[in-house]
Structures are given as structure tokens and as C-alpha cells.
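Enquirer: pasting the sequence and the predicted model now:
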Amino acid sequence: MEFLHSKKLSTEPSSSPTQKYLDVAEVKDDVIVLKSGALRSILAVSAINFDLKSTDEQEAIISQYQNFLNSVDFPVQILISSRKLDMRNYFEFITSKEKTQSSELLRLQLSEYKNFIEQLVKGSDIMEKNFYIIVPFSPIENKKKSFFSNIGSLWNPQKNILEKRENFETYKNQLLQRIDHIIAALSGIGLRIVPLKTEELIELLFDSYNPEIFNATGLKDVSKLELTK
């Protein structure tokens, strides 16, 4: 099974571009395209508090999950992303509310609440966890092309581009069928599953390879992502 990143170590100089060590070729149409031609879609999955469920509910969840595992005939990856929670937007929101309050008592309470949250964040690392399912599709590549087929591709590049585009749409439809199967199988457990869009996929990849830079810059306000609607 191919992963989103390569496990191979290279002995080439470190001055080489970082992109050449990644297996990701591009992100388009809400799909990650690997250099091998394989496709990946990533589903964001909500969490449920299993311990708060009753015994019957827990048994039903376990049974439904077992049925899901038995019904899947293709490999999947489960990704848990943990990063330090960025509270800057929340602090800015509280500060704006504090300034617009007409009541002195409410303004004082907001100020004390903001100071309490700031001290809490400074005293401990509050982590944000996100759960994802990575759905793969690897097309069967015809690597034994004849010499004349390769020459024909060179003489007619437009036809070659059209064939690649048609193949991509065909492979993407196969991937969407797998996504629909996973969503249908896990929705009965009470999980909310949303496929990531192109921009969200780029943010997730950027965060995975540049966690410190991502936390410092913040590519996009999380509340504006389509995932939270």
C-alpha cells in the first residue's frame, strides 16, 4: 500500500528541493494525486464519547464497526492529527466583546475570564485532535507500452492529455464509490463524515509537513471551512 509520504531515505545533498522527496504530485478536484498516479481522498470524521453511552449503545456501536470492517475490501488509513490549540482568534473575539460591553460588571467578568483562559493555556499544552480516514485508489497501470505507442503519444500530445483526463475522471469515480460505502457504513454509528475539499487538503498537508509554520501563520479561519457547516 502506498502512503502519502515516502519512507525511503536519500543520500543526495540537502540542497535539493523538498518536493522531490514527497510522493504527492498535486491536489485537484478534492483529490490528492500521487506521483505514481494513485489517488487519495481524506474524510474528516467526528468523535463520539463512547464512555457516556449506555451498555446497549456501546454494543451496537461495536457491532456496527465490526460490520464496517468486514465490508471493506480495500485498504484504508486512519489518521489522528494532534496539534496545539490556537486560541488567538478566540482571545480577539473576547477582547472585542469586552470593548463593546456597556455594563461595567460584564466587562469586568469578560476580562477576568480572558485572564483565566490565558493562564490556563500558558500552564498546559491544550491539544486539538482531528480524526481522518484516508481512502486510496490505485489504478492498474499498463507499463508495457510498445515502442510505437510511445511514439504515437509524442506525435499527438493532445490525445495523450485527453486520455489522462478521462482516466482521472474514471479513477475518481471509483474512489467516490469507496467514499460513499464508508460514509454509509459509519453513519449508523453516529459519526459525521465529510470529505475534505481541495483547500482543506492543502491545509492538512501543509500542517503535516510544517506544523510550526502552520501554527504561527494560520492559513485560514477554521470557522470558515466548509467542514464546520
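Expert: Right, received. Where do you want to start?
Enquirer: C-alpha only now, for contacts and for neighbours.
Expert: Will do.
Enquirer: could you list the low-pLDDT ranges of the chain?
Expert: Across the chain, residues meeting the criterion (pLDDT under 70) sit at 1-19, 140-163, 211-229.
Enquirer: repeat that for 80
Expert: 1-22, 83-86, 122-128, 140-164, 209-229 (pLDDT under 80).
Enquirer: which parts of it are helices?
Expert: When assigned using DSSP state H, the helices of the chain occupy the ranges 55-71, 88-100, 104-123, 147-155, 157-187, 198-209, 211-217.
Enquirer: what's the spacing between the residue of the chain most remote from its centre and D56?
Expert: Note on the chain: the largest C-alpha distance from the chain mean falls to E104, namely 43.9 Å (C-alpha atoms, centre = their mean). Look at E104 and D56: by C-alpha to C-alpha, to the nearest Å, they are 50 Å apart.
Enquirer: over to E92?
Expert: 44 Å.
Enquirer: okay, those two: which has more neighbours?
Expert: Set E92 next to D56 and count neighbours by other C-alpha atoms under 10 Å: E92 wins out with 12 against 9.
Enquirer: domain parsing for this structure?
Expert: 1-84+129-150+192-229, 86-125 (automatic domain parsing).
Enquirer: can you tell which of the ones you listed is closest to E166?
Expert: For the domains of the chain, the distance to E166 is smallest for domain 1-84+129-150+192-229, at 12.8 Å, taking C-alpha to C-alpha.
Enquirer: deepest in the core, which of the helices of the chain is it.
Expert: For the helices of the chain, the stretch with the most neighbours on average is helix 198-209, a mean of 16; neighbours defined as mean count of other C-alpha atoms under 10 Å.
Enquirer: elements contacting that helix?
Expert: strand 24-28, strand 31-34, helix 211-217 (3 or more C-alpha pairs under 8 Å, 6 or more residues apart in numbering; DSSP states H and E).
Enquirer: ok, back up a step: export the domains of the chain to JSON lines and tack on distance to Q177?
Expert: Shown next, in JSON lines, are these (distance: least, C-alpha to C-alpha, whole Å):
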{"stretch": "domain 1-84+129-150+192-229", "distance to Q177": "10"}
{"stretch": "domain 86-125", "distance to Q177": "36"}
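Enquirer: surely I179 and V135 touch.
Expert: Yes: with contact defined as C-alpha atoms under 8 Å, I179 reaches V135; the gap is 7.0 Å.
Enquirer: so what touches the longest strand belonging to the chain?
Expert: Identified as the longest strand of the chain according to DSSP state E is strand 127-137. Residues from elsewhere that reach strand 127-137 (C-alpha atoms under 8 Å, 6 or more residues apart in numbering): 38-47, 75-85, 171, 174-175, 178-179.
Enquirer: which among those end up buried?
Expert: Buried members of these, counted by 16 or more other C-alpha atoms under 10 Å: 38-45, 83, 171, 175, 178-179.
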